[in-house]
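Novice: No sequence on hand, only this structure:
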């Protein structure tokens, strides 16, 4: 699994302009070239090259004695870090099993590290041209039909919980700020409302949801993405706990049913959280199954456009213009630009990466940590770049965690305080993550924070995301109970 990930990234960076005859890669504040060409060295080729400055692409791991090392297909080499690396030489956060570019001096079978960073990303359009219509994003292979479908992990080897949102399937776009004028036109800008940690057994949360739905009723968004956990208590599956889930989702369905425009024109995508039971047998295994129909039957009956997704899941938002220009497995360039690819993942990543980070920039501050988490996930092209001992992964579905090609948006729903970051693509090995920047060749990373456990008193926070402008805005509602 990890060697395949390493090989995938190796092929990707070898197609980069940084590795052509005229390309020079700026890395760690300096330049490392062989003539005019960037050259990667295999570990087995270092024998007899004592004193040479080399650049290695490999997997960050630990030896039996606990020392960090770098592995590739040809071997393993221990890493030696100076007590203090100059500023700008540790280019991001790194956990075990990360694929990294390490520059340093080879001596006596060890690599003394001078700089370390993430591999560069390929521009999104270059990847799509390279794939020539092959659907790496997941979901239905036929791209031109009007449908909204979801598949489960049990359905062959397709990605569990793939969701395809086609606006034609519910009568066009939803009007106003949600991406349409109400006359059937479609400008490609659609509103996605994202909430996480929605404790449906909390009366204040239900009151806040009533206020939120009332506020969006006049201009229904394209979709509400509702991420768990859905109860404030953690329990073992059983008759009492099952009844609590059934009652909770019945109450949520009743709130939505009070607003007919939302029922008619908005999708409701439900993603299980780490403490929601009945998801893949154990809440510690990724990916996780959708919540079962036995717990959510009342919700499914009342809400016509409800989709219960796996964790993670993928959402493809198709504009009407895109749907009419594309068919089969190939898409025109204009059609591809009209699609908006979104990946949703509910996991407490910030705290997990804090505990398992093995290399970090010096003097990193708490408010900068989410920026580095966003960069880590996007530049590793993987939602969970951590050792298997932290969270087991179903090997047959490991592809569900990959982010290649890079999607337009990644929702990292986390109980950590909300944040929004933009990670630029094709900016070199040092990467670039900034807050609020705009660009078509970038990945928007959004954490809506906890809706029911907000640190802002009893204000309930969520994010509103516009697919056309790529604007992500945090908003709040108050409980009216």
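Specialist: Great, that's in hand. Predicted model only: the values in this text are computed from it and were never measured.

Novice: tell me how far stretch 354-373 is from the chain's mean position?
Specialist: Distance of stretch 354-373 from its chain centroid, counting by C-alpha atoms, centre = their mean, to the nearest Å, is 18 Å.

Novice: OK, contacts around the residue nearest the centre of the chain?
Specialist: Nearest to the geometric centre of the chain sits residue 410, at 3.6 Å (C-alpha atoms, centre = their mean). Contact partners of residue 410, counting by C-beta atoms under 8 Å, 6 or more residues apart in numbering, are 342, 343, 345, 374, 377, 378, 383, 403, 443, 444, 445, 446. In short, each C-beta sits where N, CA and C put it, glycine included.

Novice: The first one touches residue 190, doesn't it?
Specialist: No: under the criterion of C-beta atoms under 8 Å, residue 342 lies out of contact with residue 190, with a separation of 10.4 Å.

Novice: which residues are common contacts for the two?
Specialist: Common contact partners of residue 342 and residue 190 (C-beta under 8 Å, 6+ apart): 317, 467.

Novice: that older thread, looking at the contacts of residue 410, which are in strands?
Specialist: Judged by DSSP state E, the subset of the contacts of residue 410 located in strands is 342, 343, 345, 443, 444, 445, 446.

Novice: Can you give me the neighbour number for the second one?
Specialist: Using other C-beta atoms under 10 Å, residue 343 is surrounded by 25 other residues.

Novice: per-residue confidence for residue 20?
Specialist: Residue 20 is assigned 43 on the pLDDT scale.

Novice: right, I mislabeled it, should have said residue 425
Specialist: For residue 425, pLDDT reads 87.

Novice: mind checking how far it is from residue 466?
Specialist: From residue 425 across to residue 466, the span is 20 Å (C-beta to C-beta, to the nearest Å).

Novice: quick one, which of those two is more surrounded?
Specialist: residue 425 (23 against 19).

Novice: Surely the more buried one is in contact with residue 126?
Specialist: No: applying C-beta under 8 Å as the test, residue 425 and residue 126 come out as separate, 9.6 Å apart.

Novice: For residue 85, give me its contacts.
Specialist: Shown in contact with residue 85 (C-beta under 8 Å, 6+ apart): 113, 114, 115, 362.

Novice: Also residue 370?
Specialist: Contacts for residue 370 (C-beta under 8 Å, 6+ apart) come out as 350, 416, 419, 421, 447.

Novice: By pLDDT, rank the residues you listed and give me the bottom one.
Specialist: pLDDT across the contacts of residue 370 is at its lowest for residue 416, which sits at 92.

Novice: roughly how far apart are that residue and residue 59?
Specialist: Applying C-beta to C-beta, the value for residue 416 to residue 59 is 27 Å.

Novice: Repeat that for residue 356.
Specialist: For residue 356, the distance to residue 59 (C-beta to C-beta) stands at 15 Å.

Novice: Flag the shaky bits of the protein, pLDDT-wise.
Specialist: For the chain, the stretches with pLDDT under 70 are 17-38, 139-188, 235-239, 278-283, 319-338, 426-440, 454-457, 480-481.

Novice: Identify the single longest helix in it, thanks.
Specialist: The longest helix of the chain (DSSP state H) is helix 239-257.

Novice: coming back round to it: may I have the strands that pair with the helix or strand encompassing the residue nearest to the centre of the chain, each with its orientation?
Specialist: Assessed by DSSP states H and E, residue 410 sits inside strand 409-413. The strands that strand 409-413 pairs with in its sheet are strand 340-346 (parallel), strand 442-447 (parallel) (by DSSP bridges).

Novice: Output those strands as TSV; include the columns distance to residue 76.
Specialist: As requested, the strands paired with strand 409-413 are exported to TSV (distance: least, C-beta to C-beta, whole Å):
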stretch	distance to residue 76
strand 340-346	31
strand 442-447	32
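
Novice: Residue 198: neighbouring residues, count only.
Specialist: By other C-beta under 10 Å, the residues close to residue 198 number 25.

Novice: now residue 234
Specialist: 12.

Novice: who touches it in this structure?
Specialist: By C-beta under 8 Å, 6+ apart, the neighbours of residue 234 are residue 275.

Novice: any idea how far it lies from residue 134?
Specialist: Applying C-beta to C-beta, the value for residue 234 to residue 134 is 41 Å.

Novice: Likewise for residue 112?
Specialist: Counting by C-beta to C-beta, the gap from residue 112 to residue 134 is 42 Å.

Novice: Tell me which of the two has more neighbours.
Specialist: residue 112 (14 against 11).

Novice: hang on, the more buried one in a strand?
Specialist: Yes: assigned with DSSP: H, G, I helix; E, B strand; the rest coil, residue 112 falls within a strand.

Novice: can you pull up the bridge partners for it?
Specialist: Residue 112 has the following beta-bridge partners by DSSP bridges: residue 80, residue 105.

Novice: from memory it sits against residue 104, does it?
Specialist: Yes: assessed by C-beta under 8 Å, residue 112 is found in contact with residue 104 at 5.0 Å.

Novice: which ones are touching residue 377?
Specialist: When contacts are counted by C-beta under 8 Å, 6+ apart, residue 377 is found next to 349, 383, 385, 403, 410, 412, 445.

Novice: make it 10 Å
Specialist: Contacts for residue 377 were tallied using C-beta atoms under 10 Å, 6 or more residues apart in numbering; they are 93, 343, 345, 349, 353, 383-385, 401, 403, 410, 412, 423, 443, 445.

Novice: likewise residue 92?
Specialist: When contacts are counted by C-beta under 10 Å, 6+ apart, residue 92 touches 98, 100, 116-118, 359-361, 364, 371-373, 375-376, 379-380, 429-431, 433.

Novice: Let's see that with 8 Å instead.
Specialist: 117, 118, 361, 372, 375, 376, 379, 431.

Novice: what separates the fifth one from residue 208, distance-wise?
Specialist: For residue 375, the distance to residue 208 (C-beta to C-beta) stands at 32 Å.

Novice: who has more neighbours, the two?
Specialist: A direct count of neighbours by other C-beta under 10 Å for residue 375 and residue 208 places residue 208 higher, at 27 against 23.

Novice: Three-state assignment for the closest residue in space to the more buried one that isn't next to it in sequence, please.
Specialist: Leaving out its chain neighbours, the residue that sits closest to residue 208 by C-beta to C-beta, 6 or more residues apart in numbering is residue 460, at 4.0 Å. Here residue 460 is strand, with the state taken from three-state DSSP.

Novice: Please name the bridge partners of residue 460.
Specialist: Note on residue 460: beta-bridge partners residue 477, judged by DSSP bridges.
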